[in-house]
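Trainee: When you get a sec, could you give me coordinates for this:
(chains A and B)
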Protein chains: 2
Amino acid sequence: MAAAREHGVRVVLVGHARRVRDLLRGHDALGEIPIVHAEDALAMDEGALAGWRRPRSSVAIACHLIRRGHAAALVSAGSTGGVVATSRLRLRGQPGVMRPALAVVLPTRPRPTVLLDAGATADAKPEMLVQFATLGTAYARIRLGVAAPRVGLLTIGEEAGKGNKLTRRAHELLSGDLPGVDFIGNLEGGDLLAGAVDVVVTDGFTGNVALKTVEGAVRMAVTEMRAAIGSGLLARAATLLQRRQLRRLRDRLDPETHGGGVLLGLNGTVVIAHGASRAPAISSACVLARDLAAGRIVEQIGEGLAATRPNRFSRRPHPDPDPGPSPDPSDL
Amino acid sequence: MAAAREHGVRVVLVGHARRVRDLLRGHDALGEIPIVHAEDALAMDEGALAGWRRPRSSVAIACHLIRRGHAAALVSAGSTGGVVATSRLRLRGQPGVMRPALAVVLPTRPRPTVLLDAGATADAKPEMLVQFATLGTAYARIRLGVAAPRVGLLTIGEEAGKGNKLTRRAHELLSGDLPGVDFIGNLEGGDLLAGAVDVVVTDGFTGNVALKTVEGAVRMAVTEMRAAIGSGLLARAATLLQRRQLRRLRDRLDPETHGGGVLLGLNGTVVIAHGASRAPAISSACVLARDLAAGRIVEQIGEGLAATRPNRFSRRPHPDPDPGPSPDPSDL
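Mentor: Prediction:
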């Protein structure tokens, strides 16, 4: 309702019709927002099998609306695993995308940083990480408004030869000619929050561990800090004032509170809000979903991938009438 | 000198003899501490090739002393990559150990947590993670004084079926009968600093990313917290007092400052102190090296691994005269 009334987002509610209707009635909004009935719902502990087990869940029905063209994007605050599995199965990957990636935004300074994959594809291949760079570039452009996002690869050790097999090969591929991707090199875990790049690329396993580790570390630091401040005599006077600031800070730094993720690479936009989201967070998620759809994120990703495909010239049906200056043979 | 004078550690200094002698003379300690000459030294940016490239580095010479039985352990504040590579090559893995692991201690509450591998083995196999559980158990016992350390596996999602291929298989193996290892299950990144286990097992890539991410997150949280506190009028008065506390807190939470790592699984104990260590940190590292050698860490690991080897009974040269109660055949 907040998204529809305050931001003009055209919302369709998918869920158990009677219950949704009761809730809308309580807010004097009956008839204002269309409802699509779904008899089932994903449980919060639902994992990778949810996609198969619950063909009539609200998420599955919402995917169906997208496939039919009745909706452009899906917003859910359900279990991340369940939403990822259901939308992968129901929306399918967009052409050329090997695997989807979950993108989250880290609240770094001076600008936020997109981290992907935060958990959709646990066992990634080097070629998938290269695609994630294209997915993240399109996302950072639309979400953060950065014209030419800088992309870094999360690994161990900054030199090209360091890392594991996956990242060494991915580094090689990313260092090649990759139109539309501004790859600036390797990053370490300590740089994740330094705001040095716009997009951090990693596999879903490492990305999820890193994201959760940030949350845990910030939580611990804030707790310890409170204890340290509270123990000083003079400081005690300032406690009330600071507690509020510390809480605000923790909320800002905690990616879970901060915003959920967006699943990229499917035939439709999927925004996954945090399960504890309240009205403003859900409303923001709806605005984000609308903006991503309006920014043609799916098409942008498709075009980005087409441009990076090695055999892109042979596939072009009509050759460019002006191919530009031909390359100097001495450069080859 | 501090380790020798204050803690009675029998130290041998390995380095460029003339320079070390000059330094000792400046502290009136000439003749008090034996010196072994090494004409070369590892540079701080030295990586995995250092082991081959610098056979006469101080670290290589120190390893030689261990192999000859002239020393029990090695302490270095050199480049982690260089020390790991050199000691792997010169000390070799102890029998039965597939790969060494770098163990670091995270300053969690109520008790510290051992994290391994923090970067020695970037591409690990499930069987290696199982060995790391044994290595970490021996280490936690001696270093933290925990009789029966609880071991957790770092992965994504707490259920057994979650994770990537590596951790799913490692979970299966760790859940089997593993004498001497108290495996309690999966952990997520957010639990890393929760102090819920004594030992966290992971591959060297994930472990290094997680460790560095903790450092980066704590650094960011402290910086932001300072800014938040500094902006209040009342709080400003308390600033000086708090800055010291915040710095102390950051030092406590920053694993780099906190203590460096220990390389486990080699024929000798290797303690890697942080490059910025001052005298107290180096002294602590020497005491730790002495204690690990005194606690027979190498032998403990050897016995632990022998006990977990599936064919351990067939290998025993002299059968136990009292094999204890024979197993009930109905249990088999």
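
Trainee: make it CA atoms for all contacts and neighbour counts henceforth
Mentor: Will do.

Trainee: pLDDT weak spots in the stretch 201-332 of chain A?
Mentor: A:226, A:228-259, A:310-332 (pLDDT under 70).

Trainee: where along it do the strands fall?
Mentor: All strands of the stretch 201-332 of chain A, identified by DSSP state E, counting those that start in this stretch, fall at A:261-264, A:269-272.

Trainee: For chain B, find the nearest of those.
Mentor: strand A:261-264 (15.9 Å; CA to the nearest CA).

Trainee: which strands and helices sit next to the closest one?
Mentor: When contacts are defined as 3 or more CA pairs under 8 Å, 6 or more residues apart in numbering or on different chains; DSSP states H and E, strand A:261-264 packs onto strand A:101-106, strand A:269-272.

Trainee: How far away from the center of its chain is the first one?
Mentor: Strand A:101-106 sits 3 Å away from the centroid of its parent chain (CA atoms, centre = their mean, to the nearest Å).

Trainee: Listing partners with orientation, what would you give for that strand?
Mentor: Note on strand A:101-106: by DSSP bridges, its sheet partners are strand A:113-116 (antiparallel), strand A:261-264 (antiparallel).

Trainee: And for the last one?
Mentor: Using DSSP bridges, strand A:269-272 pairs in its sheet with strand A:73-76 (parallel), strand A:261-264 (antiparallel).

Trainee: Pick the most buried one from the strands paired with strand A:101-106.
Mentor: With neighbours defined as mean count of other CA atoms under 10 Å in any protein chain shown, those peak in mean count at strand A:113-116, which reaches a mean of 30.

Trainee: Next secondary structure after that one?
Mentor: Counting by DSSP states H and E, the next helix or strand C-terminal to strand A:113-116 is helix A:126-144.

Trainee: A:V36: neighbour count?
Mentor: 16 (other CA atoms under 10 Å in any protein chain shown).

Trainee: what sits opposite it in the beta ladder?
Mentor: A:V14.

Trainee: So it is in contact with A:V14, correct?
Mentor: Yes. In this structure A:V36 lies within contact range of A:V14 using CA atoms under 8 Å: 4.7 Å.

Trainee: In contact with A:F205, which residues?
Mentor: Residues in contact with A:F205 (CA atoms under 8 Å, 6 or more residues apart in numbering or on different chains) are A:A118, A:G119, A:T121, A:A122, A:D123, B:T155, B:I156, B:G163, B:N164.

Trainee: Let me fix that, I meant to ask about A:G195.
Mentor: A:G195 touches A:T108, A:R109, A:P110, A:R111, A:P112, A:T113, counting by CA under 8 Å, 6+ apart.

Trainee: same thing with A:V262?
Mentor: A:L102, A:A103, A:V104, A:T269, A:V270, A:V271, A:I272.

Trainee: if we go to 10 Å?
Mentor: By CA atoms under 10 Å, 6 or more residues apart in numbering or on different chains, the residues touching A:V262 are A:74-75, A:84, A:101-105, A:116-118, A:139, A:269-273, A:285, A:288-289, A:292.

Trainee: Need the pLDDT of A:A50.
Mentor: In this model, A:A50 is scored at 70, pLDDT.

Trainee: what's the nearest residue to it if we skip its chain neighbours?
Mentor: A:G82 (5.3 Å; CA to CA, 6 or more residues apart in numbering or on different chains).

Trainee: quick check: angle from the helix or strand harbouring that neighbour to strand A:101-106?
Mentor: Assigned by DSSP H and E, A:G82 belongs to helix A:80-91. Going by axes from the mean of the first three to the mean of the last three CA atoms, to 10 degrees, helix A:80-91 is angled at 140 degrees with respect to strand A:101-106.

Trainee: hey, C-alpha coordinates of helix A:80-91 in PDB?
Mentor: What follows is helix A:80-91, C-alpha atoms only, in PDB (Å, rounded to 0.1, in the frame of the first residue of the first chain):
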ATOM      1  CA  THR A  80      15.900 -16.600   0.400                       C
ATOM      2  CA  GLY A  81      16.600 -20.200  -0.400                       C
ATOM      3  CA  GLY A  82      12.900 -20.900  -1.300                       C
ATOM      4  CA  VAL A  83      12.500 -17.700  -3.400                       C
ATOM      5  CA  VAL A  84      15.700 -18.400  -5.300                       C
ATOM      6  CA  ALA A  85      14.800 -22.000  -6.000                       C
ATOM      7  CA  THR A  86      11.200 -21.200  -7.000                       C
ATOM      8  CA  SER A  87      12.100 -18.300  -9.300                       C
ATOM      9  CA  ARG A  88      15.000 -20.200 -10.900                       C
ATOM     10  CA  LEU A  89      12.600 -23.000 -11.700                       C
ATOM     11  CA  ARG A  90       9.600 -20.900 -12.800                       C
ATOM     12  CA  LEU A  91      11.300 -17.900 -14.500                       C
END
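
Trainee: I'd like to know which elements it is packed against.
Mentor: If you count contacts as 3 or more CA pairs under 10 Å, 6 or more residues apart in numbering or on different chains; DSSP states H and E, helix A:80-91 packs onto helix A:50-53, helix A:58-67, strand A:73-76, strand A:101-106, strand A:261-264, strand A:269-272.

Trainee: any chance of those in JSON lines, with distance to A:L305 too?
Mentor: Formatted as JSON lines, those follow (distance: least, CA to CA, whole Å):
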{"stretch": "helix A:50-53", "distance to A:L305": "27"}
{"stretch": "helix A:58-67", "distance to A:L305": "21"}
{"stretch": "strand A:73-76", "distance to A:L305": "21"}
{"stretch": "strand A:101-106", "distance to A:L305": "14"}
{"stretch": "strand A:261-264", "distance to A:L305": "13"}
{"stretch": "strand A:269-272", "distance to A:L305": "17"}
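
Trainee: Go through the ones you listed and name the closest to A:L89.
Mentor: helix A:50-53 (6.2 Å; CA to CA).

Trainee: From the chain's centroid, how far away is that closest one?
Mentor: Using CA atoms, centre = their mean, the offset of helix A:50-53 from its chain centre is 22 Å.

Trainee: The residue of the stretch 1-150 of chain A at minimum distance from chain B and A:E172: what is the separation?
Mentor: Residue nearest to chain B within the stretch 1-150 of chain A: A:A122 (5.2 Å; CA to the nearest CA). Shown here: A:A122 relative to A:E172, a distance of 21 Å by CA to CA, to the nearest Å.

Trainee: Which of the two has more residues huddled nearby?
Mentor: Between A:A122 and A:E172, counted using other CA under 10 Å, the more crowded position is A:A122 (22 against 13).

Trainee: Contact partners for that one?
Mentor: A:101, A:202-208, B:155-156, B:162-165.

Trainee: What segments of chain A are helices?
Mentor: A:2-7, A:17-26, A:50-53, A:58-67, A:80-91, A:126-144, A:165-175, A:204-230, A:233-237, A:239-253, A:255-258, A:279-294, A:297-308, A:312-315 (DSSP state H).
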